[in-house]
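S.K.: model this:
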Amino acid sequence: SILEGIDVPGDRESASDMHVTIVHLGKDVPVVQLAKAMVVAHECARATPPMSFTITRVSSFPGGDDGVPIICPIESPELQALNAMLKQRLRDLGIPFSDKWPDFKPHLTLGYFVDAPEGFALDVELPVPVPFSVSELCLWGGNAGGPEVLRVSIPFALSPVQRMAVTVARRRVRSSSKRG
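M.R.: Numbers count the residues shown, from 1 in each chain. Take a look at the predicted model:
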């Protein structure tokens, strides 16, 4: 992918692990709690159409336990709305989540700069904007203290135009199979 070609300092995330964190449930979340959160994630994903945005910068957040996060900030009202919807539904059902970062700043993490010098900060414009699409909501988790044991992908809802295209395609397949 184009994102893998962006040169970043430090340890790079693998393409399969690149994601936009919408809500962080916390560390060491029991599987039973993850199952409850999965129901909320499903409800919210089915109410959300796929979305696209353009990444134009690489920057960093202040350093933490894993080093300095090297990120691509994302400006997306759709991601903001999804964050608000998920948090509200989790609150409504009494499912705890981390509020370590109360201000939601959508971003794609490219990697972590573990040996960054004191005060390191990055903010550069990409030479070419990079289109990025999101078509599913994933719930990742582990069993309290254990390795990741759960990874569930829930596709976003199709837009009315996409649903119509699927319906037309199915009808064409059925009618061509009846003829042949």
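
S.K.: The spatially most central residue of the chain: what's it in contact with?
M.R.: Ranked by distance to the mean C-alpha position of the chain (C-alpha atoms, centre = their mean), the top residue is residue 20 at 3.0 Å. Counting by C-beta atoms under 8 Å, 6 or more residues apart in numbering, residue 20 makes contact with 74, 79, 106-108, 134. Placement of C-beta: from N, CA and C, glycine included.

S.K.: Toward the C-terminus, what is the element adjacent to the longest strand seen in the chain?
M.R.: Assignment by DSSP state E gives strand 123-134 as the longest strand of the chain. Downstream of strand 123-134, the first helix or strand assigned by DSSP states H and E is strand 136-142.

S.K.: Okay, helices next: where are they in the chain?
M.R.: 31-46, 77-92, 160-179 (DSSP state H).

S.K.: Need those in a markdown table (columns: distance to residue 67).
M.R.: Formatted as a markdown table, the helices of the chain follow (distance: least, C-beta to C-beta, whole Å):
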| stretch | distance to residue 67 |
| --- | --- |
| helix 31-46 | 27 |
| helix 77-92 | 24 |
| helix 160-179 | 40 |
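
S.K.: Out of those, which gets nearest to residue 129?
M.R.: Shortest distance between residue 129 and the helices of the chain, using C-beta to C-beta, is found for helix 77-92: 17.3 Å.

S.K.: Using CSV, write out every CA atom in the closest one.
M.R.: Coordinates of each C-alpha in helix 77-92 appear next as CSV, following Å, rounded to 0.1, in the frame of the first residue of the first chain:
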residue,chain,number,x,y,z
PRO,A,77,-16.7,14.4,10.7
GLU,A,78,-17.8,10.8,10.1
LEU,A,79,-15.2,9.4,12.4
GLN,A,80,-16.1,12.0,15.0
ALA,A,81,-19.8,11.0,14.8
LEU,A,82,-18.9,7.3,15.0
ASN,A,83,-16.7,8.0,18.1
ALA,A,84,-19.6,9.9,19.8
MET,A,85,-22.1,7.1,18.9
LEU,A,86,-20.0,4.3,20.2
LYS,A,87,-19.2,6.1,23.5
GLN,A,88,-22.8,7.0,24.1
ARG,A,89,-24.0,3.4,23.5
LEU,A,90,-21.2,2.0,25.7
ARG,A,91,-22.3,4.5,28.5
ASP,A,92,-26.0,3.7,28.0
